[in-house]
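> below is the structure, and that's it, no one-letter string:
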RNA sequence: UCCGGGGUCGUUCAAUGGCAGGACAGCGGUUUUUGGUGCCGCUUAUAGAGGUUCGAGUCCUCUCCCCGGAACCA
């Protein structure tokens, strides 16, 4: 297995090709500007990470600028809580967010002025009908639309009505401003779309200053134009909006070049919920503990889980930009996480399900207590510069329950009666007996050690097939470890049955208390990731001492052998 | 039903009209004081049918399949 070469294998994609060719041809005067435009109505997730990497990445690559702009045109669901979290998450991912941070709501006045221009030019009108009627009149796929009876109001009447809409003279929902485009257009977006709606709702930035709010379509391209965006990159579902994006811009006196929208496929991952709506339901219904519950695919959860942001960026670069709908396997993301962590994570020993092991021939000191030695273990074999640490070793140890079996299955290399294994960084050990508890479970294992194998090798050249990890019973600390299955969703065929949670794996978390870990883990900085040898990568929870979340597991050959037989 | 966008190994991303390649997954081997890492090797693909061409994944025609679109959401 060789590691992927993220930055080179997909360095070229259709978006970069487009930008490159625009620069060569002098479109936009050779300028490149993008934007990342989230609506502050939820937390960012792994799907947004791709968009962020595309928006910021393309700009950076061509010496351009990428703004963070909040698309805050719908006060119903938006909140500063989300604004703050989004800024924080983008920065955590590793991108420089240029100041000032921008908001579509900062342009409300200008966008309003542009609406009056459209009205003046006979390209917009006030409609008194309700939403249901408007929707009905829009017609359907292959079916004609019906023009509103208010479509031919005079400019003066429209202007008057629109100003009174703004002044708050009408009730919520009583009237809307619509573009006068083409009610017969085959693209439904052009059938006189709504530009403004009346909504008395407190806005997290403009407060109660406005009672009318622009729709996405009537604000997005306009905001792009105001900021000087050249390449407005968005996901595929906005493809049919492009014609409207252009229509609005073509009828406005823009301060500069007309920005151009380009769509690409959003990121989907197996086992992963990437619907903001569903994620919010999971949080609101208490199915998970919060937006940073490590089972979630939110950036905050991934952070808590110890995913290195650099690995997420490399993954996004590697999967590239295309227009093909695709769902990547979560394993690919995980392989990037492992590759990065293998390079950087310090190795530590931990026993998740402890089994007591007694070395019957271990010597006592002068006072009759078992001798305590210190084994010198490397912190990371991938990086000798990380040095070594002393790990106390004595007569009574804990080993992983799985590392001993009374009856050894085929191809089982670890401890079993009569067999010899190596303790990581210490002696060879031979199992001489075991004790069963009242329930028939193995309670203790007895072994003898070979004093000549301190180096980890036998002077007579004999080999062992397995090296197991351990902690000294007298020196170990108690810890809690949480294991997760993927990111929270089972992959089931034909999932949509109405219940928003029926495709979710509710038992995807296993909390293990009473784990035994080496004392050095008490010094692990909160948030950092270590590798528990032979088990996997674990992140130290920043909020609790000695609580570890599994980041990703190690490739487990023994599990494969078991699966096959 | 209409419009738009797509269709290349199991998955995903590549391939100026010129030997279909990489990664992930899988399988086999090797190294190793982690059944980790590394290294070597193997298996598997152009949705279908015609056409243009010396030569088609790529260009043309038709068919099939998938996704998106009729919020006063974004």
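Perfect, thanks for sending it. Quick caveat: nothing in here was measured; it's all calculated off a predicted structure.
> contact partners for the closest residue to RNA strand B within chain A?
Residue nearest to RNA strand B within chain A: residue A:456 (1.2 Å; CB to the nearest atom of the strand). All C-beta spots, glycine's among them, are computed from the backbone N, C-alpha and C. Applying CB atoms under 8 Å, 6 or more residues apart in numbering to residue A:456 gives the contacts A:422, A:425-427.
> within reach of RNA strand B, which of those are there?
A:422, A:425-426 (CB under 7 Å from any atom of the strand).
> hmm, back to that, can you put the contacts of residue A:456 in CSV and add neighbour count and distance to residue A:525?
Conversion of the contacts of residue A:456 to CSV gives the following (neighbours: other CB atoms under 10 Å; distance: CB to CB, whole Å):
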residue, neighbour count, distance to residue A:525
A:422, 20, 31
A:425, 22, 23
A:426, 22, 27
A:427, 22, 32
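> what's the closest of those residues to residue A:302?
residue A:425 (32.2 Å; CB to CB).
> isn't the closest one right up against residue A:377?
Yes: counting by CB atoms under 8 Å, residue A:377 is a contact partner of residue A:425 at 4.3 Å.
> shared neighbours of these two, anything?
residue A:391.
> show me the contacts for the residue in chain A sticking out farthest from the centre.
Distance from the C-alpha centroid of chain A peaks at residue A:366, with 56.9 Å (CA atoms, centre = their mean). With contact set as CB under 8 Å, 6+ apart, residue A:366 has no partners.
> mind pulling up the phi and psi values for it?
As for residue A:366, its main-chain torsions (degrees, to the nearest 10) stand at phi -60, psi -30.
> what sits against residue A:44?
Residue A:44 touches A:38, A:52, A:85-86, A:89-90, A:298-300, counting by CB under 8 Å, 6+ apart.
> pLDDT at it, what is it?
At residue A:44, the model reports a pLDDT of 97.
> do the same with residue A:4
Value for residue A:4, per-residue pLDDT: 31.
> what of residue A:360?
Residue A:360 is given a pLDDT of 97.
> can you tell me the helix or strand for the residue nearest to it when sequence neighbours are not counted?
Nearest non-adjacent residue to residue A:360, counting by CB to CB, 6 or more residues apart in numbering: residue A:446, 5.4 Å away. Using DSSP states H and E, residue A:446 maps to strand A:442-450.
> output the contacting helices and strands for that strand.
strand A:354-359, strand A:428-436 (3 or more CB pairs under 8 Å, 6 or more residues apart in numbering; DSSP states H and E).
> highest mean neighbour count out of these?
The highest mean neighbour count among the helices and strands packed on strand A:442-450, using mean count of other CB atoms under 10 Å, belongs to strand A:354-359: a mean of 20.
> sheet-wise, list the partners of it with their directions.
If you go by DSSP bridges, strand A:354-359 pairs up with strand A:396-400 (antiparallel), strand A:442-450 (parallel).
> most packed of those strands?
Taking mean count of other CB under 10 Å, strand A:396-400 is the most buried of these, at a mean of 22.
> other residues contacting it?
With CB under 8 Å, 6+ apart, strand A:396-400 has contacts from A:351-359, A:370, A:415, A:423, A:445, A:468-474, A:476, A:516, A:534-535.
> stretch A:420-438: end-to-end distance?
27 Å (CA to CA, to the nearest Å).
> centre of the chain to that stretch, how far?
42 Å (CA atoms, centre = their mean, to the nearest Å).
> quick check: mean pLDDT of it?
96.
> before we move on, back to that, need the contacts of residue A:456 in CSV with distance to residue A:187, can you?
Output for the contacts of residue A:456, formatted as CSV (distance: CB to CB, whole Å):
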residue, distance to residue A:187
A:422, 69
A:425, 68
A:426, 72
A:427, 75
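> want to throw those residues into a markdown table with secondary structure?
Formatted as a markdown table, the contacts of residue A:456 follow (DSSP: H, G, I helix; E, B strand; the rest coil):
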| residue | secondary structure |
| --- | --- |
| A:422 | strand |
| A:425 | coil |
| A:426 | coil |
| A:427 | coil |
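> quick one: buried ones out of the contacts of residue A:44?
A:38, A:52, A:85-86, A:89-90, A:298-300 (16 or more other CB atoms under 10 Å).
> so which residues of the stretch 101-250 of chain A form helices?
A:108-120, A:131-137, A:155-167, A:216-227, A:242-250 (DSSP state H, counting those that start in this stretch).
> which of these sits most buried?
helix A:216-227 (a mean of 23).
> contact residues of the stretch 251-400 of chain A facing RNA strand B?
Near RNA strand B, when you scan the stretch 251-400 of chain A using CB under 7 Å from any atom of the strand, you find A:265, A:318-329, A:331-332, A:335, A:338-339, A:342, A:347, A:380-382.
> now with 6 Å, please.
A:319-320, A:322-329, A:331-332, A:335, A:342, A:347, A:381-382 (CB under 6 Å from any atom of the strand).
> re the thing from before, now, of the contacts of strand A:396-400, which are buried?
A:351-352, A:354-359, A:370, A:415, A:423, A:445, A:468-473, A:476, A:516, A:534-535.
> follow-up on the earlier one: ok, which of the helices and strands packed on strand A:442-450 comes nearest residue A:171?
Per CB to CB, nearest to residue A:171 of the helices and strands packed on strand A:442-450: strand A:354-359, 67.8 Å.
> which ones are touching the spatially most central residue of chain A?
Closest to where the C-alpha atoms of chain A average out (CA atoms, centre = their mean) is residue A:46, at 2.8 Å. Applying CB under 8 Å, 6+ apart to residue A:46 gives the contacts A:267, A:269, A:272, A:274, A:297-299, A:302, A:312, A:333.
> which of the residues you listed fall in helices?
A:299, A:302, A:312, A:333 (DSSP state H).
> dump those residues to TSV, plus pLDDT.
Listed next are those as TSV, based on pLDDT from 0 to 100:
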residue	pLDDT
A:299	97
A:302	96
A:312	97
A:333	97
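> widest-spaced pair of the residues you listed?
Going by CB to CB, the pair spanning the ones in helices among the contacts of residue A:46 furthest: A:299 and A:333, at 13.0 Å.
> wait, residue A:313 touches residue A:92, no?
No: Residue A:313 is beyond contact range of residue A:92, at 11.1 Å (criterion: CB under 8 Å).
> the more surrounded of those two?
residue A:313 (22 against 15; other CB atoms under 10 Å).
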